[in-house]
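Visitor: could you look at this predicted model? Sequence included:
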Amino acid sequence: MEHAAEHHAAPVGKTFVLARFETGEALVDACYKVREKGFQHIDTHSPYPLHGGDEALGLGRSRVPRIALSGGLTGMFGGYLMMVYMNSVNWPLNVGGRPPHAPPSFIPITFETTVLLASLSIFFGLLALMRLPQPYHAVFESEAFRSAVNDGFWLSVALPPGGDGKDASALLSQLGGREVSTVQEDMR
Amino acid sequence: MAAAEHAAAASPADALDSYPLMVGKQDNTTLTGNLLAHVWARPDKGWLLAFAIAMAGSGALVLAITVTLVEGIGAWGNNIPVGWAFDITNFVWWIGIGHAGTLISAILFLFQQRWRTAINRFSEAMTIFAVMCAGLFPLLHTGRPWFAYFMFPYPSTLEMWPQFKSPLIWDVFAVSTYFTVSLLFWYLGLIPDLASLRDASKSPIQRKVYGIFALGWRGSGRHWHNYKVGYLLLAGLSTPLVVSVHTIVSFDFAVSLIPGWHTTIFPPYFVAGAVFSGFAMVMSWMVPARHFLGLKHVITMRHLENMNKIILATGMLVSYGYLMEHWIAWYSGNQFEWFVFFNRATGPYRGVYYLMLFCNVLTPQIFWFKWARTNIPLMFIASIFVNIGMWCERFVIIVTSLHRDFLPAAWDMYYPTWVDITLFLGTIGFFSTLFLLFLKFIPAVAVSEVKELNEELQHRPAPVTVVTGA
Amino acid sequence: MTTPRFPLPVLGSSAPVDPPAVELPDEASFAPGRTPGSEHGYGRSYWRSVEEQLHGDAALPGRDQEFPPGAFDAPKGFARRDFLQLMGASVALAGLTACTEKPVEKILAYTKTPEGMVPGNPFHYATALVQDGIGLGVLSTSWEGRPVKVEGNPTHPVSRGSTGPQVQAELACLYDPFRARVLKERGAGRSWRGFREAMRGRAGALEKDGGARLRFLSGPSSSPLIGSLRQAIAQRFPKARFHAWSATPRDSVYDGTALAFGRPLEPHYLVEKADVLVSLDADFLEARNDTVDLNLGFANRREPHHPRGLNRLYVVEPRFSITGGMADHRLKLRSADMEGFALSLAAELGKTLPGLSGFRSPAPLGGEAAKFVAAVGKDLASKRGAALVIPGERQTALTHAVAHAINAALGAIGTTVTFTEPAVLDTSTGRSSWQALVDDLRAGKVDTLVITAWNPVFTAPGDVDLPTLLAKVPNAVYLGLHDDETSRVVNWFLPAAHPFESWGDARSREGTVSIVQPLIQPLFGGISEAELLGAFLADEAKPYDRLKALHAAHAKTDFDSEWEVWLSNGVVPGTASAAVTPSLQGDRVRTAAGQARPAPAGLELDLVHDYKILDGRYSLNSWLQELPDPITKVTWDNVAQVGPGLAKKMGVANGDLLLLTVSGRSVEVPAWVQPGHSDDAVTVSFGYGRRQNTLGVKDADEPVVVGHDVYPLRTAAAPWFATGLELKKTGRKYTICTTQVHNVTEGRPIALMQSVEEFEKHPEAPDVRPPVKLGNKELEGSALPSVQPAIDYSKQQYKWAMSVDMSRCTGCSACVMACQAENNIPVVGKYQVGRGREMQWIRMDRYYSGPAESPEMVTQPMFCQHCETAPCEYVCPVNATVHSDEGLNDMVYNRCIGTRYCSNNCPYKVRHFNYLHWTQDKTQVEKMLMNPDVTVRARGVMEKCTYCVQRIERTRIVARIENRAIGDGELKTACQQVCPTNALTFGSLHDPKTQVSQRHADPRRFDVLHELNTRPRTVYLTKIKNPNPELG
């Protein structure tokens, strides 16, 4: 990595300005204010979802329900058609004098496959939406930030490339943020 | 101790509840501290002893499984006509136990029951471990377990497919779906707490290990935004799922034509029974756990009492099921059907039958009284009784129906062998092993949710009375 | 000739050619450690071996004795010779010699395939099997020289294709790995040649005084060959004596005829001609070699369609026999009172029939018996010429004589009973001939005793200490299949050749001669009785040559060609004994009857031969051991049958060990409370209690001693019953394993029985008539309304179905054995039977009705019903059991994973599960028994009746080659083929003319559990009874 850094310009990592607030309400208020100042790429970090946090961040409706629905429908039709193909089309057998295509007895499995695929799509859909797993993130550069998942309420502002973040830091401390700090993504 | 809890005043929000959901003034810092405390603490003597016993049980399980695989099902007491006995009894029993977990975490979540928060993690873990134990038996009870994969729809060289009219295939799909969904649901709920463990951990190893499982969660508001919806949807899906699973398990019997099995009331009656036994099992574990893990301030008498109420309610449902079964058997005028129920009460297995009635019908009745609902030793004993009773119920349904069915010339008796018994006790040991590990390494209470709940409680008009020494 | 001919083992020449055999089992399989049933550690934890508690160490020597030192590691020379013999045999084709010295040049590969042999296609050879001296013609299905199935010979006048259970199980004896392999002198291995030289020397010495010190003790025999050998020996040794001994002597039959007609005769009962039958303790429906034909005759008259209507059967007996189970009226009576009953019946008839005047009963009969006699007498008298009284072998000569007198007076002689000269060589195989030998032995008059009777040391009456007597004999020779009790006290022991391994002949009850031809090279170098006797003759002729020489007389034209015909047909035509019409010597009978004394009061011990293992000769046959007794359903044991009244009085329950004491000798036997058994008697079957391990079982903890030996209670004078029995409870229990624990139908319409009046009033089977009218062409008779579209079977060429006529079925269980032999059904052992894991595909259900003191019995063979809407199929998760286009309920063994759901959901519980690997410790020899057409099932697989699908397919192939349809009766399942009463029929329902279609259309037809709408293809016909209104 060392000589690589010599030959090429070292890539510039993302930079964030972090500030801790005492309570969730304070964080939400600060969030609104920072957005009013025109900062983009704001995020809150809290041990549990904040009341009004979504609005403060200006997030729209989640896409998870649509993902779940599509998964569920796939499971439903896939499951039923699988059984019809296997027992009625590919190799129909005289089983106890019952008709090869017996809808009533195909219902339970159809239901189970529906639930299974819906759930799987929700779980993995979520991971995809949240870009997880993501073992490293710039915010982890700040040791104090570790309280974010326990008892701290943090606001992070991502700086545009080249921005030094002085104004953001100033704004955050003026809004009552503590431990205002600037972290940069470690590209090594 | 109990006195302190009683001293806690009710908040107007839930005037009917005489006990608070949370004892003492808590904030995020204290909660983080005391809810994670047992993870950092060195295992104490009690835990080690319990773990040793549980491991011994798991060892017995391995032994019994080995004998079964080496010698064949003949090592058990099963015969013709009693093709199923302990094996399927244990299967249904364990599956039933699992159901309470999903019910608490999913259904109570949908109903916005605040008191679920403190105990859902706990019961979800129980679900997963119970389903693992249950899953053993459908596999082991086959004569040739090494061919059990025939039951999965894969393109085999025999060019044969599973036979989807068989309730056993429904079982395969239902149980595997149930296990998968429960696991996902549980893990999704765990992620924030794992992150919390990661960032509260002292040693770098713990930080690394928990860090891996935390997937890099950083409590981002944008994440919470999707996370809440996803969790809600999974809860929504789990609710019909849990009902469907035991319905399908009951189809194993209801779809057959054996008198005593061929009963339309089975699905609801099995689900009620499942919840009944599940809550009893949660109770049996929670009473000691809250004591030894020092969780009395979050798992309060209010939780215990609510659960006793549910045990009472489901117990009544089960009793109604018994009543209807017998009534219909008589009313149907079908001599085979009626004989089975007559035989249950008077036949060679009547002892199990009366034990079942005592445990499942009489025992829960004490919970009509508040003093019983709030008496910890009593509710613990009652919960054990209910577990025994529900096992007996499955035994009665399976064995007494099979051993004397249509043609008297084919009647015979079933007696368990030491392998049968060891297998059953072994699964209890295995279950305990997993559970003790869970209690040691994972917060037994959903920390993040409790903090959220705490937040809500703090912002009530009337703050919870501070009780010290809780 | 019109009778079918079966392939000749002789191909072209009559020169001795070796029959095919198979390769010698590897030595390892003979090592004691590898012997069956010696699998260690299995099930020990949950089997209380009561036997071991009882016998303690005494049991263990049994094991040792079963494998004497050196039994498995035979002397080197022999091992080589056996090897050459069997290898040599394996190349040759079915042949003609029992010669055990194989020329070495026979050892060749299949360089020249035997003419007419197609590998994979079995031959059927005709031969005969002997039971108590009476021969029965059989066909053996041989695969590349391995007999794997025995069936009755359809051309044989007595068999007509049917056999009893023992004949079906005979092959398990042939392939018994514990058969003796070594010819021994005092335990040391010797050669056959050495033995003959020793005997030649001995004979020379004996010849000097005309063989006065030479004795032969043989079993009952009807073999002309043995007869001629005896004559030859008698010529050389005029003073030599031949004694015959059987534990089941028929002396009273011949003494009875001797008393009645002046000379011993063989009675033949034509039961089909009789409208009224009275059995005086005669179990004539027990399917044995001499009664197979009686079964069919009787059953034909149990069908209401028979032009002469139903017959009526009265049975008087102390115990409950299968004949008693078929009776319309049954009277419980001590054997000791049987004479009195016969005499009072004669006296009753004497009132109207002059021929019977002057008969009187020594003691008046009790109330019930008197009523019975009156009614029976009236019934008999009303049916003169069509009435028949049958006395039982266990009864006294006087009872027989009186019965003959009654028959004579009823005009039965010549119409319903005929007489011939006895076919057997010795009319006395019991007391008289036995006593003479014992006296000589006691007096030390015997130098050489040649024993060919089966194991006399075991079967000897309790009042004779045969071992010590034999020990005194300087030169005792014993020929036996097993190294058994007798072989240990004689100084020469010769391993016997199985009838399937040797040349011989035998006569059936009515005299027809069958040639016994070897089907396989002697597996263990056995020697036949003819060879042994030949050793005492000057000429060295082989039995085969003697046989041809002997029967040359029967030839009408060219002997050699006729000889081949006889061999291929299995019968020598024109050899049936001529009927004689003897004149009754009534006065002798009257005088004998006049001396009859009233029977002493008191409890009576009744000894009967065991239904399954007879006198014990089949005690090492695990098939028969596991066959449930048709009445008690007990397996692997004999029991002391106690009447319900006596049991209540003594507080005895099943399994209580009882101490039976008669005149000082006592044995312990577990009690069995038998409904319908006399309360004045206790019945025990002998033949059990041999100190030997049992074979072919899974469980090392099987009892070393099977059952209890009651021979000590016997005396030569009173072999069958004795009064003055003392019964004591020991207070100990004994584990009895049965296949049926519940004996009443709980009022369920399952096994239907109705009287002939009811039947004529409304012929439909009661209660469970199919709602849909019968006779419609699809015969979906049992169809209930259903939302499901019925599967259409009309497109297929065949629609297989079965029917069971319960009116014909006696419960003899021959079908169970036939099924076991045909379908490679494993034996599981006593303990596993007790666990409810027996594997026999046919469960012979037996229900009692009425009071326990005098119950009626109905038997119902229950096997896969091949339901059209099979409940077992739709619950199988892996399609392991599905329906064939022709309506068979198929099991796909290699797809089965063993969830046992199918069995749970089978309302008939006719599926059987391989809970353990039953077949894993089969030895090489036992593997030769397996039917290559049928899969040997693995552990963890479900199995059940397949309608003998392998037979269907074989017949289909034949029919296809000949481009025709399978004809009715051309295809028979194993159970149907063996059934002595034609109770079972199988065929296609598409052709309304087939027997099975007609039975499906029979008004008596009913479907078991039809209300479940399983639409079984196997239907049952109600049992019809013909009670006497006066007694009803």
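Guide: Perfect, I can see it now.
Visitor: who in chain C is up against chain A?
Guide: Counting by CB under 8 Å from any CB of the partner chain, the positions of chain C adjacent to chain A are C:788-791, C:867-874, C:876, C:879, C:882-885, C:1015. Quick note: C-beta positions are derived from backbone N, CA and C, even for glycine.
Visitor: make a PyMOL selection of the buried ones in these.
Guide: Applying 16 or more other CB atoms under 10 Å in any protein chain shown to those leaves a buried subset, and the PyMOL line that selects it is:
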select buried, chain C and resi 791+867+868+869+870+871+872+873+874+876+879+882+883+884+1015
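Visitor: out of the residues of chain C next to chain A, who's near chain B?
Guide: Residues of the residues of chain C next to chain A in contact with chain B (CB under 8 Å from any CB): C:871, C:874, C:876, C:879.
Visitor: who are the contact partners of the residue of chain B most remote from its centre?
Guide: Distance from the C-alpha centroid of chain B peaks at B:Ala409, with 39.7 Å (CA atoms, centre = their mean). Listed by CB atoms under 8 Å, 6 or more residues apart in numbering or on different chains, the contact partners of B:Ala409 are C:740, C:742, C:843, C:845-847, C:860, C:862.
Visitor: is any residue of the lengthiest helix in chain A near chain B?
Guide: Taking DSSP state H as the assignment, the helix of chain A that covers the most residues is helix A:103-129. Yes - for helix A:103-129, a contact with chain B is found by CB under 8 Å from any CB, at A:105-106, A:108-109, A:111-113, A:115-116, A:118-120, A:122-123, A:125-127, A:129.
Visitor: may I see the PyMOL selection of the buried members of those?
Guide: Burial among the residues of helix A:103-129 next to chain B is assessed by 16+ other CB under 10 Å; the matching PyMOL selection reads:
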select buried, chain A and resi 105+106+108+109+111+112+113+115+116+118+119+120+122+123+125+126+127+129
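Visitor: near chain C, list only the ones from the residues of helix A:103-129 next to chain B.
Guide: Residues shared between the residues of helix A:103-129 next to chain B and the neighbourhood of chain C are A:Ser105 [CB under 8 Å from any CB].
Visitor: quick check, pLDDT for the residue positioned nearest the centre of chain A.
Guide: The centroid of chain A falls nearest to A:Met130 when counting by CA atoms, centre = their mean (1.8 Å). pLDDT recorded at A:Met130 is 91.
Visitor: quick one: contacts for it?
Guide: With contact taken as CB under 8 Å, 6+ apart, A:Met130 is in contact with B:220, B:222-223, B:226-227.
Visitor: ok, back up a step: against which helices or strands is the longest helix of chain A packed?
Guide: Packed against helix A:103-129 by the contact rule (3 or more CB pairs under 8 Å, 6 or more residues apart in numbering or on different chains; DSSP states H and E) you find helix A:64-83, helix B:167-200, helix B:221-254.
Visitor: tell me the angle it makes with helix B:167-200.
Guide: Taking axes from the mean of the first three to the mean of the last three CA atoms, to 10 degrees, helix A:103-129 and helix B:167-200 form an angle of 20 degrees between their directions.
Visitor: next structured bit after helix A:103-129?
Guide: Secondary structure here is assigned by DSSP states H and E; on that basis, the next helix or strand after helix A:103-129 toward the C-terminus is strand A:153-159.
Visitor: relative to strand A:153-159, how tilted is the next helix or strand after that next one?
Guide: Following the chain from strand A:153-159 toward its C-terminal end, the next helix or strand by DSSP H and E is helix A:166-174. Angular relation of helix A:166-174 and strand A:153-159 on a 0 to 180 degree scale: 160 degrees, by the same axes, to 10 degrees.
Visitor: who touches helix A:166-174?
Guide: Residues from elsewhere that reach helix A:166-174 (CB under 8 Å, 6+ apart): A:17, A:19, A:30, A:33-34, A:37, A:39, A:155, A:157, A:159, A:180, A:182.
Visitor: which pair in these spans the largest distance?
Guide: The two members of the contacts of helix A:166-174 with the most space between them (CB to CB) are A:Lys33 and A:Thr182, at 18.9 Å.
Visitor: the two: which has the busier surroundings?
Guide: Applying other CB atoms under 10 Å in any protein chain shown to A:Lys33 and A:Thr182 shows that A:Thr182 carries more neighbours, namely 19 against 16.
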